[in-house]
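**Q** just a sequence and a predicted model for now, questions to come.
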Amino acid sequence: MKVLAWAKDEEIRAKGSSGGFVTAAMIAALEKGLVDEVVLVKKKNAYEGVPITTNNVEVVKECIGSMHFVPLNLSYFIKSGVKTALPTKPCDARAIIERAKRNQFNIDDVYMVGLNCGGTFNPVLAREVVLSFFEIEPETVIKEEILKGKLIIESKEGKKSVKIDEIEEEGYGRRNACKICDVNIPHMADLACGNWGVLNEKATFVEVFTDKGKEFFENAVDAGYVEFREAKKEEIEIREKIDKAMIKLAKKWREKLDEINDLDRRERLDYYIRMFEKCIGCNACKEVCPPCVCEEAKCVSMNDEMAGYKIPLYNLVRLLHLMDSCIGCGQCEDVCPVDIPLTLIHKRFSERILRKLDYIPGIDMRTPPFQETKILFD
Amino acid sequence: MIFGDVKGDSMIESVCIGCSIGCSLYVGDRIFHRKNAPHNEGKLCKFGMDLLKYYSREKAECKVDGKNVELNEAINEAKKRLEGYSGDEILFLTSCTATNEELAALKLLAEKFDAKCCFYGYGNALFSLKDIENFGRVILTFDPFVSYPLVARRVLKVKEVYEVGFVDGRVNSIILNPENPNFDDALALLDENTIALAEYSPLSTVYTPFLKEVVKSNAKAIVFNPTLNANFAAMLGFESFENKIDFDKVKAIYALEPELINGAIPSPELLIVQSAFSNGWCDKADVVIQSDSFHQKRGSVVNAEGRILINNGKSEQGVEILEKIGGFEQTASKVLETLNVNTIKEFSTVEITEEFREKEFKLKGEGKYYLTTKSNPFLWKGIDHKNFVELSVEDVKELGLSRTDRIKIGDKELCYKPSNIQKGYIVSEILISQLKGLTRVDISNLHY
């Protein structure tokens, strides 16, 4: 099912980044009792938002609009036994699936309202981009959006746009995890929403993937919060074209960012030692890692500075554990106090074996292959 | 319409109290990274990640002469007992793990008694952490991977890095002879393209002559403190107590969050302690006034960069206690006046330069090895999270130590780790004794 949908409420439709479907459908889900609460990001300013759980529709209305400068993962905020709806970028949806596999909650209780995603920006670097590429005082930004490969910044002085390619060639732009991410339409969510394929109207292109997605969509329509029409062939084709272009771009960045592709084995080992000897053992990468749910984790208990290994056992254990679980969200790299390029390192470690095993983490509820092997031996 | 809790609102925008960098973060049921903060970009060190454990320690209790009392009674008793003291007889001191507002209130209170306000630290803020990346050379007097880890990522982007005193495989090192710590090698590197990153702490005594030379040279410096808000204390004109104060002459002390102040706790005829957590100072105090822990407070701080940071808790109790005792209400205006601003704008910066204070340094002990301490927030907060010291590979061989052996330094049994450090040194992240700076000790092999 592929439709163009929009909020019936004119204010929500105008404020939403693409017709306000997501906000209207969330309100409908709360009011009709489809969910107990929603997880959203409450905006503080263009660069900062706080994850909240709420069942207050007025609060939902305050959380309207996209936030490309707020790179959060919302999966930690879902509670077991609570029917929850939340907007999910592909990495949120993949995180939710991996956490559900690890019994953090029942996936049937979660409505994943997918958001097409071309990437998010580090907020501190985003301020620099706004100042140097747009010549706008960062604090005056009212709204930002990404449209047709351009970053659009709206301030008191009006709207300005700059091609994202231009920004990224200068070493700024999206987070590295986003640059190399090739999952832009969250087809693992219950439905996917976005402005790709929408031509000249204030509407959301919605694709429904699951029965839960259908239920969520129909609830919004039946409650009178949302209107829709079938998507046209041209609109569907444009959306697919954008997706393919983003996947191609991700491949280009994957090669460009890889510092060690041309190195021999010994040099690669030296590279890993150089990267991991910086580790200060703060465990932040583990704490923010969506698939890492162990409370008394082996990797942490093995993080013994006395050991004096060139690569701490903590990092080695994590490299192995994440080979079939890393969803590439980049939260670990965001919080690493010594800037270890963890997203790319984990990707290097996992991609060859996952290709062989024909498995992608966070795409479906299949047991991760290494855990499957463990179950066989148990 | 359904109304409900907005549960995320329980997350407080806060500031880590681990050191003078003051990393911004959210404190709630868990620590949440605040990626929008320009100084730490959401990144935290091990202490920041463990901050909830620090806040879950035993709270101080309001007491008068050892007996539990209500808060108001403790405040009234403090007010009553302070009457009659003035000038040099009474001292107001703090470790600066307090908000700007609390420090301003402490200053106003001290003024009521015509008394001195003292702190531990050194005020200096002219550069941001990001500025470090723009220098061609960095000279460090601490190990950035241990002491102020948020500095490490900036240092790693600089071409030439020198560390004074320690040997570290990751950076160039300038070794000192502790018997004669002249800094000729390090001083030769000081030019306008150089920034020195130094620590001003009770354990960094040996490096202060070097820091003095840096201040006089064309090189630039950022000085970090183990206490959060030393910069605002310096702006308020607090005096340093490490060299100048003769505790024997002081009859009364009012101590605001004093637990990071190293060394023996003084025993004047009146000791009043305002503290969130139970500690040795509370045990000795005549009056203990319990206040809320830092993350619960509403207020601001000034970090090592001179950046104004906001702690967005709800409690103003710390200030109210001081205002009640002093009978004044001008704290807010004192803060604005000191910062020279009309309103407090988060992340904006102020410049601070304090006249440099050199400290006395003396080697102590007779042993064969120089014991040097690498500081970290766990150490300052009285939580030794390490149980080992580092020894050079040569010393490990000379002592005949095998992997499972333990060693003894003074009366303390410890594990050891062979490290890339200079022979004859022991590098510790544990407060082995109350001795300050480098000292001389012996090691015995316990042969387990």
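**A** Received the coordinates, thanks. Numbering: from 1, shown residues only, chains lettered A, B, ... in the order given.
**Q** any weak-confidence spans in chain A?
**A** A:373-378 (pLDDT under 70).
**Q** number of nearby residues for residue 170?
**A** The chain I'm using is chain A. 10 (other CB atoms under 10 Å in any protein chain shown). All C-beta spots, glycine's among them, are computed from the backbone N, C-alpha and C.
**Q** not what I meant, chain B
**A** Residue B:170, neighbours per other CB under 10 Å, totals 17.
**Q** was I right about it contacting residue A:276?
**A** No. Using CB atoms under 8 Å as the test, residue B:170 is too far from residue A:276 to be in contact (11.9 Å).
**Q** joint contacts of these two?
**A** Residues touching both residue B:170 and residue A:276 (CB atoms under 8 Å, 6 or more residues apart in numbering or on different chains): none.
**Q** can I assume residue A:205 is in contact with residue A:4?
**A** Yes. Between residue A:205 and residue A:4 a contact is recorded at 5.8 Å, counting by CB under 8 Å.
**Q** overlap in contacts, those two.
**A** Each of A:198, A:231, A:235 lies in contact with both residue A:205 and residue A:4 under the rule CB under 8 Å, 6+ apart.
**Q** among these, which ones are in helices?
**A** Among those, the ones falling in helices (DSSP state H) are residue A:235.
**Q** so which of the shared contacts of residue A:205 and residue A:4 is the closest to chain B?
**A** Taking CB to the nearest CB as the measure, residue A:198 is the one of these closest to chain B, at 29.8 Å.
**Q** so who does the closest one touch?
**A** Residue A:198 is in contact with A:4, A:18-19, A:204-205, A:235, counting by CB under 8 Å, 6+ apart.
**Q** adding distance to chain B, write these out as a markdown table.
**A** Listed next are the contacts of residue A:198 as a markdown table, based on distance: CB to the nearest CB, whole Å:
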| residue | distance to chain B |
| --- | --- |
| A:4 | 28 |
| A:18 | 24 |
| A:19 | 23 |
| A:204 | 24 |
| A:205 | 29 |
| A:235 | 35 |
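**Q** ok, then the element right after the longest strand anywhere in chain A?
**A** Criterion DSSP state E: the longest strand present in chain A is strand A:37-45. Proceeding N to C from strand A:37-45, the next assigned helix or strand is strand A:48-54, under DSSP states H and E.
**Q** what pairs with that next one, and is each one parallel or antiparallel?
**A** If you go by DSSP bridges, strand A:48-54 pairs up with strand A:37-45 (antiparallel).
**Q** ok, and for the strand it pairs with, which residues are buried?
**A** A:37-43 (16 or more other CB atoms under 10 Å in any protein chain shown).
**Q** closest to chain B among those?
**A** residue A:42 (6.3 Å).
**Q** the closest one touches residue A:62, doesn't it?
**A** Yes. If you go by CB under 8 Å, residue A:42 and residue A:62 touch, sitting 6.6 Å apart.
**Q** quick one: which of the shared contacts of residue A:205 and residue A:4 is nearest residue B:193?
**A** Lowest distance from residue B:193 to the shared contacts of residue A:205 and residue A:4 (CB to CB) belongs to residue A:198, with 53.3 Å.
**Q** compute the distance between that closest one and residue A:21, please.
**A** Separation of residue A:198 from residue A:21 (CB to CB, to the nearest Å) stands at 11 Å.
**Q** give me the common contacts of those two.
**A** residue A:204.
**Q** you'd agree residue B:30 is up against residue B:52?
**A** Yes. Taking CB under 8 Å as the definition, residue B:30 is a contact partner of residue B:52 at 7.2 Å.
**Q** can you report phi and psi for residue A:147?
**A** phi -140, psi 130 (degrees, to the nearest 10).
**Q** look up how far residue A:199 lies from it.
**A** Counting by CB to CB, the gap from residue A:147 to residue A:199 is 12 Å.
**Q** pick out whichever of the two has more residues nearby.
**A** residue A:147 (14 against 11).
**Q** ok, the nearest residue to that one once chain neighbours are set aside - contacts?
**A** Closest residue in space to residue A:147, ignoring its immediate chain neighbours: residue A:195 at 6.8 Å, by CB to CB, 6 or more residues apart in numbering or on different chains. Residue A:195 sits next to A:17-18, A:116, A:147, A:204-205 when contact means CB under 8 Å, 6+ apart.
**Q** which of these sits closest to residue B:78?
**A** Among those, and counting by CB to CB, the member closest to residue B:78 is residue A:17, at 56.1 Å.
**Q** hmm, that closest one is touching residue A:66, no?
**A** Yes. If you go by CB under 8 Å, residue A:17 and residue A:66 touch, sitting 4.2 Å apart.
**Q** now do the shared contacts for the two.
**A** Here residue A:17 and residue A:66 share the contacting residues residue A:145, scored by CB under 8 Å, 6+ apart.
**Q** count of residues packed around the closest residue to chain B within chain A?
**A** The minimum distance from chain A to chain B, using CB to the nearest CB, falls at residue A:52 (3.0 Å). Neighbour count of residue A:52, defined by other CB under 10 Å: 25.
**Q** who wins on neighbours among the contacts of residue A:195?
**A** residue A:204 (30 neighbours).
**Q** list the beta-bridge partners for it.
**A** With DSSP bridges as the rule, residue A:204 is bridged to residue A:5.
**Q** who's in contact with it?
**A** Shown in contact with residue A:204 (CB under 8 Å, 6+ apart): A:4-6, A:16, A:18-22, A:193-195, A:198.
**Q** how much space between it and residue B:81?
**A** From residue A:204 to residue B:81 the distance is 68 Å (CB to CB).
**Q** is it true that the residue of chain A closest to chain B touches residue A:43?
**A** No. Counting by CB under 8 Å, residue A:52 stays clear of residue A:43, with 10.4 Å between them.
**Q** who touches both of those two?
**A** Going by CB under 8 Å, 6+ apart, residues that sit against residue A:52 and also against residue A:43 are residue A:63.
**Q** export stretch A:297-312 to PDB, keeping only CA atoms.
**A** Taking Å, rounded to 0.1, in the frame of the first residue of the first chain, the C-alpha atoms of stretch A:297-312 are listed here in PDB:
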ATOM      1  CA  ALA A 297      28.400  -7.300  30.600                       C
ATOM      2  CA  LYS A 298      31.400  -9.600  30.000                       C
ATOM      3  CA  CYS A 299      33.100  -7.000  27.900                       C
ATOM      4  CA  VAL A 300      33.000  -4.600  30.900                       C
ATOM      5  CA  SER A 301      34.200  -7.100  33.400                       C
ATOM      6  CA  MET A 302      37.100  -8.000  31.100                       C
ATOM      7  CA  ASN A 303      38.000  -4.300  30.800                       C
ATOM      8  CA  ASP A 304      40.900  -4.700  33.100                       C
ATOM      9  CA  GLU A 305      43.600  -2.000  32.600                       C
ATOM     10  CA  MET A 306      46.000  -4.200  34.500                       C
ATOM     11  CA  ALA A 307      46.000  -6.700  31.600                       C
ATOM     12  CA  GLY A 308      48.100  -4.300  29.400                       C
ATOM     13  CA  TYR A 309      47.000  -5.800  26.100                       C
ATOM     14  CA  LYS A 310      47.600  -3.500  23.100                       C
ATOM     15  CA  ILE A 311      43.900  -3.800  22.200                       C
ATOM     16  CA  PRO A 312      41.800  -4.000  25.400                       C
END
